[in-house]
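K.L.:
Starting from these lines, generate the structure:
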Amino acid sequence: FIAQALQIVRGGRDADLRVRGTLPALAALGARGLLPPSSVASLTDAYVFLRNVEHRLQYRDDRQTHQLPQDATERALLAEAMDATPDAFEQALARHRGVVSVTFAQTLGDEGRATDRADAMYATLWDEPDAVGSLREALQAAGYADPDALAAALARVRASGRYLQLPAASRDRFDALVPRLLAVAAAHPGLAGAQPVGQRLLALLETIARRSAYLALVIEHPPLLPRLANLMGASAWAAAYLTRHPLLLDELLDARTLFAEADWDAWRAELTRQLAQRPDDAEHQMDVLRHFQHAQAFRLLVQDLTGQLTVERLADHLSALADVVLEGTLAACWAHMTAGAEPPPRFAIIGYGKLGGKELGYASDLDLVFLFDVDPNDPDADAREARYTRLGQRLNTWLTSTTAAGQLYDTD
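P.N.:
From the prediction side, this is the model:
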């Protein structure tokens, strides 16, 4: 389950994770840094051990079973089949089960499980918005300052075409999530308050409603809900950014990588690897650049909102992110123009304004000057200049165009 859950949420953008089999999947997740090497090794050992136990259980009675026998004699025979004494087998079994449980908690977590049992009040309000009258005092006590507005918003969602056209399974998940989101908003109101947080969470839920995998993800990963609520409560801009780019929900899954110090050398290498997966597909590469920029900016945003970054450090990181994206975009554009058959261009991107001063903010545009080097005595100087002009134009188009993945930067 650990391997498949991470494949589901990461494999859409990383083709190398779309491998069959648990052991190859664990290896691929480790290679991408999505699981630490120690976890990959311990989960691999546990998988092999538990598979061997399962096989021996099924050999014993020639039937499909996954249940350990309770009878002491049968248990001893199982241990013997595993080349172990009964005590050694029980100790090994407990050790491997413990490893899996700990890794599951660290990777997918079970904090916030209480929100799974959302107050029946919120379920009632979702099922029957007209019941708001009898719930008004309780809702106000929970932090919802305007229960009537909340009930009206829920009624609007229930009557919307987007909700009514959902497949039955997705609608069931949607129905299960609304009360949990309202409950977690009350538990984590932040500076905004329960009502704004609840409305922002509801807007996000509407955005991802047709992505059944994301609905399942939020249901099956309880720690995601408090993180979402904290983010929504800290910043309306952050809430709108996440709603515009719901793929960024992936980034909230793993606190280990979410709060890790930026490693631009590693991320530069990762961007280069992703761009190289489909070198002839310009549209795919443009989307790769946008997903990369949005993901790294979102990580910095979360670290900023939790007080992990100073203003100066944040600006440094956002400026470094722009440098990495510009470098990757330039290399990709040149490769498409030359079919990858020529050395790097004698072409520089000079940053002015906030980029040049390493003072970028989240919504800053890029003030750029393109500088190229052509020998005036070269008989092909005019052609080379024209080529570099086309390179600059293509570079600007890649940076500013809006694709299905959004936009990279506005440029000047």
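
K.L.:
hang on, Gly351 is in a strand, isn't it?
P.N.:
Yes - using DSSP: H, G, I helix; E, B strand; the rest coil, the secondary structure at Gly351 is a strand.

K.L.:
Please give me every residue in contact with it.
P.N.:
Contacts for Gly351 (CB atoms under 8 Å, 6 or more residues apart in numbering) come out as 319, 322-323, 366-368. Any C-beta I mention is one placed from the backbone N, CA and C, and that applies to glycine too.

K.L.:
Bridge partners for it, pull those for me.
P.N.:
Each beta-bridge partner of Gly351 is listed here, defined by DSSP bridges: Leu368.

K.L.:
quick one: it from Ser319, how far?
P.N.:
As judged by CB to CB, to the nearest Å, Gly351 and Ser319 stand 8 Å apart.

K.L.:
returning to what we had before: just the buried ones out of the contacts of Gly351, please.
P.N.:
Listed as buried from those are 319, 322-323, 366, 368; burial here means 16 or more other CB atoms under 10 Å.

K.L.:
low pLDDT regions in the stretch 51-200 of the chain?
P.N.:
108-119 (pLDDT under 70).

K.L.:
so which strand or helix has Leu355?
P.N.:
helix 353-356 (DSSP states H and E).

K.L.:
Check Ala348 too.
P.N.:
For Ala348, the element it lies in under DSSP H and E is strand 347-352.

K.L.:
now for the helix holding Leu355, which elements pack on it?
P.N.:
For helix 353-356, the elements it packs on are helix 311-338, strand 367-372, judged by 3 or more CB pairs under 8 Å, 6 or more residues apart in numbering; DSSP states H and E.

K.L.:
From Thr257, how far off is the most centrally placed residue in the chain?
P.N.:
In the chain, the C-alpha nearest the mean C-alpha coordinate belongs to Asp250, at 1.3 Å (CA atoms, centre = their mean). To Thr257, Asp250 is 10 Å away according to CB to CB.

K.L.:
before we move on, back to that, CSV please, covering the contacts of Gly351 and showing pLDDT and distance to Leu408.
P.N.:
As requested, those are exported to CSV (pLDDT from 0 to 100; distance: CB to CB, whole Å):
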residue, pLDDT, distance to Leu408
Ser319, 96, 15
Ala322, 96, 9
Asp323, 96, 13
Leu366, 96, 9
Asp367, 96, 15
Leu368, 96, 12
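
K.L.:
So which residues of the stretch 151-300 of the chain form helices?
P.N.:
161-164, 168-187, 194-208, 212-220, 224-234, 236-244, 255-258, 264-277, 282-305 (DSSP state H, counting those that start in this stretch).

K.L.:
Nearest to Gly392 among those helices would be which one?
P.N.:
Closest to Gly392 of the helices of the stretch 151-300 of the chain, according to CB to CB: helix 282-305, at 16.6 Å.

K.L.:
quick one: buried residues of that closest one?
P.N.:
284-305.

K.L.:
Just the buried positions in stretch 351-363, please.
P.N.:
In terms of neighbour count (16+ other CB under 10 Å), stretch 351-363 has its buried residues at 351, 354-355, 358-360.

K.L.:
follow-up on the earlier one: dump the helix holding Leu355 to PDB, keeping only the CA atoms.
P.N.:
Extracted in PDB, the C-alpha atoms of helix 353-356 (Å, rounded to 0.1, in the frame of the first residue of the first chain):
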ATOM      1  CA  GLY A 353      15.200  44.300 -11.100                       C
ATOM      2  CA  LYS A 354      14.200  41.900  -8.400                       C
ATOM      3  CA  LEU A 355      15.700  38.900 -10.100                       C
ATOM      4  CA  GLY A 356      19.000  40.600 -10.500                       C
END
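
K.L.:
pLDDT averaged over that helix - what is it?
P.N.:
Averaged over helix 353-356, pLDDT sits at 94.

K.L.:
Test my guess that Gln407 contacts Ser401.
P.N.:
Yes - with contact defined as CB atoms under 8 Å, Gln407 reaches Ser401; the gap is 7.1 Å.

K.L.:
could the helices of the stretch 151-300 of the chain go into CSV alongside distance to Ala76?
P.N.:
Listed next are the helices of the stretch 151-300 of the chain as CSV, based on distance: least, CB to CB, whole Å:
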stretch, distance to Ala76
helix 161-164, 56
helix 168-187, 44
helix 194-208, 51
helix 212-220, 37
helix 224-234, 44
helix 236-244, 55
helix 255-258, 41
helix 264-277, 50
helix 282-305, 52
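
K.L.:
OK, contacts around Asp175?
P.N.:
The contact partners of Asp175, by CB under 8 Å, 6+ apart, come to Trp126.

K.L.:
Quick check: the gap between it and Gln407.
P.N.:
34 Å.

K.L.:
Repeat that for Leu191.
P.N.:
Remark: distance between Leu191 and Gln407 (CB to CB) = 29 Å.

K.L.:
if you count what's nearby, which of the two comes out ahead?
P.N.:
Gln407 (13 against 9; other CB atoms under 10 Å).

K.L.:
From Met337, how far out is the residue lying closest to that one once chain neighbours are set aside?
P.N.:
Once flanking residues are discounted, Gln407 sits nearest to Thr400: 6.7 Å by CB to CB, 6 or more residues apart in numbering. Distance, Thr400 to Met337, by CB to CB: 18 Å.

K.L.:
Name the nearest of the buried residues of stretch 351-363 relative to Ala105.
P.N.:
Of all these, Ala105 sits closest to Leu360, with 36.9 Å by CB to CB.

K.L.:
Leaving out sequence neighbours, find the closest residue to that closest one.
P.N.:
Spatial nearest neighbour of Leu360, excluding adjacent residues (CB to CB, 6+ apart): Leu318 at 4.1 Å.
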